[in-house]
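Engineer: show me the folded form of this:
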Amino acid sequence: MAKVPLIGEHDKPELAALVTRIKAERGGRLLNLYKALLNSPPIAEGWLALFTAIRQRAQLDAGCRELAILRVALINRADYEHAAHVPHALKAGISQQKIDDLPAWQVSDCYTPRERAVLACTDAMTTRIDVPAAIMTSLKQHFNDREVVELATTIGGYNLVSRVLVALAVDHEDH
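Structural biologist: Down below sits the predicted model:
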C-alpha cells in the first residue's frame, strides 16, 4: 500500500488538464506512479516531461533502453517498474530469455556485445555511480555521443523512478 494517497483521475478537478496530458502521453491510463506524483503537481509535470523525452523522443533504440530499465529495476528491487517494462521490452524485440537472464547477465551467452555494454554501464551507474573508462570505451564502440547521453539519462532517470516507487511503496496496477 502506497505511503501517500493515490490521487484519482477525478479527485482534484484543478488537476484535470495535467491528468489529461499524463493520460495522453502514457497510453490513455493514469498509472499508480502518476497518482502518487500528483500529490505534487509541479513534480508530476516535470516528471512527465523528462520521461516523455527519454521514452518517446530519444534516438537510443528501444531494446537497449528497455534492457537498461529492467536491469535498474532488478538491482533496485523495484517490482512495479520491472512488471511495467517487461511488455515494453518484449515489444522492442527483447526475447523472454534475455529478460529471464538479466539477474545474471554476465554469465549468459544470449546478449550481443552492444547489449553487454548497455548492461555493464547500467550496473556501474546504478551500483557505483562512476562508469569506468573501459565500459565507456565499450559504449562508444556501439553508440554515438547523443545515444551515450540518452543511455546515461535513461539509467539515471530510471534509478530515480525505482527509488521513488520503492520509497513510496507504490503498487503495480495489477496488485
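Engineer: can you pull the domain assignment for the chain?
Structural biologist: Here the domain assignment for the chain is 13-57, 62-167, based on automatic domain parsing.
Engineer: would JSON lines of those with distance to Leu6 be doable?
Structural biologist: Using the backbone N, CA and C atoms, a C-beta is placed for each residue, glycine as well. JSON lines is the format used below for the domains of the chain (distance: least, Cβ to Cβ, whole Å):
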{"stretch": "domain 13-57", "distance to Leu6": "4"}
{"stretch": "domain 62-167", "distance to Leu6": "12"}
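Engineer: closest to Lys3 out of these?
Structural biologist: domain 62-167 (7.6 Å; Cβ to Cβ).
Engineer: could you give me the average pLDDT of the closest one?
Structural biologist: Domain 62-167 carries an average pLDDT of 97.
Engineer: now swap in stretch 8-19 and tell me
Structural biologist: 95.
Engineer: for that stretch, buried residues please.
Structural biologist: Glu9, Leu15, Leu18, Val19 (16 or more other Cβ atoms under 10 Å).
Engineer: same check on stretch 38-46?
Structural biologist: Leu38, Ala44, Glu45.
Engineer: so what's the second one up against?
Structural biologist: With contact set as Cβ atoms under 8 Å, 6 or more residues apart in numbering, Ala44 has these partners: Leu18, Ile22, Tyr34, Leu37, Leu38.
Engineer: after the helix or strand hosting it comes which helix or strand?
Structural biologist: Per DSSP states H and E, Ala44 falls inside helix 41-52. Next helix or strand after helix 41-52 toward the C-terminus (DSSP H and E): helix 62-75.
Engineer: quick check: buried residues in that next one?
Structural biologist: For helix 62-75, using 16+ other Cβ under 10 Å, the buried residues are 63-75.
Engineer: name the helices or strands packed onto that helix?
Structural biologist: Here helix 62-75 touches helix 79-91, helix 113-127, helix 145-167, going by 3 or more Cβ pairs under 8 Å, 6 or more residues apart in numbering; DSSP states H and E.
Engineer: and the residue nearest to Val86 when sequence neighbours are not counted, helix, strand or coil?
Structural biologist: With sequence-adjacent residues excluded and distances taken as Cβ to Cβ, 6 or more residues apart in numbering, Val86 is closest to Ile99, at 6.1 Å. Secondary structure, DSSP: H, G, I helix; E, B strand; the rest coil: Ile99 is helix.
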